[in-house]
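[1] Model the structure of this input:
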Amino acid sequence: MLRFHPVIALIVLVALLTGFHQYQIHHNPCYGFLRLHIVANSDDLYDQAVKLKVRDAVLKLMESRFNEVNNAPAARRIAASSLPDIEQTCRDTLTAYGLNYSVKATVGNFDFPARFYGAQVFPPGQYTAVRVVLGEGAGQNWWCVLFPPLCLENLKKSPEGLEVKIKLVEVLKNQTWVNKLAGGQ
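    Down below sits the predicted model:
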């Protein structure tokens with residue numbers, strides 16, 4: 001007759017739960033991404049503009065550190081070890097724009113709503129992110145995908161720093177009817 005062995009049952013239960021957890025992790029559309037999330041001090045226009053300057057400075061800092069990264073765990077480790085440098089870069093940028101409020105950078109799992117990033121769709125869920133909170137952190141936020149380096153690849157260097165290319169504007173510039181409407185040839 002088959003006897004119930006609590007130890008064997010516990011081992012089987014733990015194995016099943018571990019396997020299910022690993023399955024969920026690797027089949028979760030949020031897994032494997034590292035976001036950069038910058039929250040402005042307030043919705044004041046100056047705070048919002050400075051938030052974008054902070055973004056540019058952090059992206060420039062992380063671009064060189066992520067050059068050779070080819071997996072999410074390594075990206076998270078580099079981001080976590082870069083937190084003091086990220087905070088200092090943010091403070092330096094704030095100082096350059098005459099602001100002295102606090103900066104707090106963390107790496108953790110945060111809830112994000114559904115978003116589109118180029119052709120990529122990011123469903124709502126918990127993503128690992130480098131979150132930078134400027135001052136009170138009461139303003140609108142900005143985010144991108146740091147790994148894989150979608151926001152680094154979609155930025156081009158310009159004399160003023162980094163600038164985002166907006167595909168719709170590029171397409172419209174090349175449309176004949178838009179040029180005629182604008183008074184061109």
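[2] what's the span of stretch 128-143 from first residue to last?
    12 Å (Cα to Cα, to the nearest Å).
[3] Okay, buried residues for it please.
    128-135, 137, 139, 142-143 (16 or more other Cβ atoms under 10 Å). C-beta coordinates here come from the backbone N, C-alpha and C atoms, glycine included.
[4] cool, and stretch 141-152?
    142-152.
[5] do the same with stretch 36-43
    36-42.
[6] and which of these is nearest Arg77?
    Leu36 (15.6 Å; Cβ to Cβ).
[7] Filter the buried residues of stretch 128-143 down to the ones in helices?
    Among those, none falls in helices (DSSP state H).
[8] now the buried residues of stretch 36-43 in TSV, with pLDDT?
    Below are the buried residues of stretch 36-43 laid out as TSV (pLDDT from 0 to 100):
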residue	pLDDT
Leu36	93
His37	94
Ile38	97
Val39	97
Ala40	97
Asn41	97
Ser42	96
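[9] Now, those residues that are in strands?
    Those of the buried residues of stretch 36-43 mapping onto strands are 36-39, per DSSP state E.
[10] Could you find which two of these are furthest from each other?
    So for those, where distance means Cβ to Cβ, the most widely separated pair is Leu36 and Val39, at 11.2 Å.
[11] what do the two both touch?
    Counting by Cβ atoms under 8 Å, 6 or more residues apart in numbering, the common neighbours of Leu36 and Val39 are Val132.
[12] now the ones in strands among the buried residues of stretch 36-43 as CSV including distance to Val54?
    Shown next, in CSV, are those (distance: Cβ to Cβ, whole Å):
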residue, distance to Val54
Leu36, 11
His37, 12
Ile38, 6
Val39, 10
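[13] so, if you compare those, which one comes nearest to Glu63?
    Leu36 (11.3 Å).
[14] what's the closest non-adjacent residue to that closest one?
    Leu146 (4.5 Å; Cβ to Cβ, 6 or more residues apart in numbering).
[15] For the one you found, which three-state class applies?
    strand (DSSP: H, G, I helix; E, B strand; the rest coil).
[16] where does the chain have low pLDDT?
    By pLDDT under 70, the low-scoring segments of the chain are 1-2, 4, 15-31, 117-118, 152-185.
[17] Can you tell me how far Ala119 is from Leu36?
    Distance of Ala119 to Leu36, given as Cβ to Cβ, to the nearest Å: 19 Å.
[18] I'd like to know how many residues surround Phe122.
    As a burial measure, Phe122 scores 19 neighbours (other Cβ atoms under 10 Å).
[19] Do a quick rundown of the strands in this protein.
    Listed in chain order (using DSSP E), the strands of the chain are 34-39, 103-112, 115-117, 120-122, 125-134, 141-147, 155-158, 161-164.
[20] Quick one: these as CSV, columns for distance to Ser81 too.
    Shown next, in CSV, are the strands of the chain (distance: least, Cβ to Cβ, whole Å):
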stretch, distance to Ser81
strand 34-39, 13
strand 103-112, 10
strand 115-117, 25
strand 120-122, 25
strand 125-134, 11
strand 141-147, 14
strand 155-158, 23
strand 161-164, 23
